[in-house]
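Visitor: Give me a model of this one.
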Amino acid sequence: MIDSNFLMKLNDEKIGVLYGGTSSEREISIKSGEAVLSVLNKLKLNVCGIDVNRDIVDEIKEKKISVAYLALHGNFGEDGTIQGMLEILDIPYTGCDVLASSISMNKDISKKLFKYAGILTPDWKMLRRVESVPEIKKYPVVVKPVSQGSTIGVSIVRRSLELTNAVEKAFKYNEDILIEQFIEGKEITVGIIDGKALPVVEMIPRGQFYDFESKYQRNGAEHIVPAKITKKSYKMAQNYAEKLYEILKCKGVCRFDMIVDLKDKVWVLENNTIPGMTETSLILDAGKFAGYSFEDLVLKILESAF
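Guide: As a prediction, this is how the structure comes out:
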């Protein structure tokens with residue numbers, strides 16, 4: 001699927017792969033960035049890696065990149081901040097723009113848009129650090145930071161005695177957190193390339209839920225492609241992802257996380273605007289099943305910058 005004409009166009013570019021960063025997802029971002037760098041080097045393109053820090057503007061100017069490949073996860077990478085900086089510098093970049101990135105990173109705002117679009121999302125309450133923990137009438141619930149990825153700071157709370165610790169854990173990462181309705185069912189994800197849904201992937205974690213260890217440890221979870229759900233749920237999940245990709249004004253490659261409940265209803269949790277590109281990443285499994293090699297996906301993402 002590699003477009004030879006696009007490869008020729010890239011010969012005139014200096015590509016900077018931005019990775020690392022200062023968020024809690026730094027470790028994963030480094031792995032994603034190194035994997036992307038390896039692919040672009042094999043294609044003999046003019047590419048350099050840039051580990052993002054507070055001196056990022058000076059380093060970008062020094063290396064004179066003409067296009068940025070974003071492999072940054074978490075805050076200052078997926079939340080629109082690095083995108084805004086690159087726009088000021090007039091450097092094209094991969095993936096979603098400032099608006100789509102910031103909206104998708106904020107779970108409260110994105111869930112409100114899901115509901116506006118008539119798409120199921122678990123009910124939730126917002127809690128700010130200065131506020132008292134509300135009374136929860138029905139357990140279990142999910143406690144999570146409002147703007148984090150990789151399930152960092154997330155807890156499933158099954159009884160009231162566990163709530164305070166879960167809230168304190170989430171507040172380590174954000175000033176605002178969500179207390180969200182727990183939906184029992186199958187965890188799935190739908191990747192999107194240029195508005196078109198990839199095959200649905202089902203995740204079966206070894207632990208309690210699809211947490212950080214399940215996502216990034218080898219054999220931490222089983223990925224089933226295509227997901228073992230009903231045809232109706234499968235199609236609905238893909239339709240939801242394509243609809244939300246358009247509503248959120250996304251670009252390039254994204255990935256929507258969902259749950260199919262025991263009655264086969266599909267619930268959307270969140271959007272990932274810069275999916276991981278590590279050996280255990282879900283977008284690679286979905287892409288492979290659809291006929292995309294790792295190189296194809298990297299170039300598809302890079303194409304979004306143009």
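Visitor: Beyond the worst-scoring helix or strand of the chain on mean pLDDT, next helix or strand please.
Guide: Lowest on mean pLDDT, DSSP states H and E among the helices and strands of the chain sits helix 212-216, with a mean of 49. Sequence order places strand 221-224 as the next helix or strand after helix 212-216, per DSSP states H and E.
Visitor: Give the other helices and strands that that following strand contacts.
Guide: Where contact means 3 or more Cβ pairs under 8 Å, 6 or more residues apart in numbering; DSSP states H and E, strand 221-224 is packed against strand 196-205. For glycine as for every other residue, the C-beta is placed from the backbone atoms N, C-alpha and C.
Visitor: For the strand it packs on, name the packing helices and strands.
Guide: The helices and strands touching strand 196-205, judged by 3+ Cβ pairs under 8 Å, 6+ apart, are strand 185-193, strand 221-224, helix 231-247, helix 282-289.
Visitor: Mean pLDDT for the ones you listed - can I get that in CSV?
Guide: Putting the helices and strands packed on strand 196-205 into CSV (pLDDT from 0 to 100) gives the following:
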stretch, mean pLDDT
strand 185-193, 95
strand 221-224, 87
helix 231-247, 97
helix 282-289, 92
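Visitor: Out of the ones you listed, which is closest to K263?
Guide: Each of those was checked against K263 via Cβ to Cβ, and the shortest separation belongs to strand 185-193, namely 8.6 Å.
Visitor: what does the closest one contact?
Guide: 197-198, 200-205, 209-210, 227-229, 237-238, 240-242, 245, 250, 252-262, 267, 275, 282-283, 286-287, 292, 297, 300 (Cβ atoms under 8 Å, 6 or more residues apart in numbering).
Visitor: Just the buried residues from those residues, in ChimeraX please.
Guide: Only the buried members of these end up in this ChimeraX selection, burial being decided by 16 or more other Cβ atoms under 10 Å:
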select :197,198,200,201,202,203,210,227,229,237,238,240,241,242,245,250,252,253,254,255,256,257,258,259,260,267,275,282,283,286,287,292,297,300
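Visitor: and the strand or helix carrying I156, average pLDDT?
Guide: For I156, the enclosing helix or strand under DSSP H and E is strand 155-157. Confidence for strand 155-157, expressed as mean pLDDT, is 92.
Visitor: That one packs against which elements?
Guide: Secondary structure elements in contact with strand 155-157, counted by 3+ Cβ pairs under 8 Å, 6+ apart, are strand 141-145, helix 163-171.
Visitor: so how far is the first residue of stretch 146-156 from its last?
Guide: With Cα to Cα, to the nearest Å as the measure, the first residue of stretch 146-156 is 15 Å from its last.
Visitor: about what we covered before: within its sheet, name the partner strands of the strand holding I156 and how each one runs.
Guide: Each strand that pairs with strand 155-157, with its direction, by DSSP bridges: strand 141-145 (antiparallel).
Visitor: chain center to the strand it pairs with, what's the gap?
Guide: 17 Å (Cα atoms, centre = their mean, to the nearest Å).
Visitor: That strand: which residues count as buried?
Guide: Applying a neighbour-count criterion of 16+ other Cβ under 10 Å, one finds 141-145 buried in strand 141-145.
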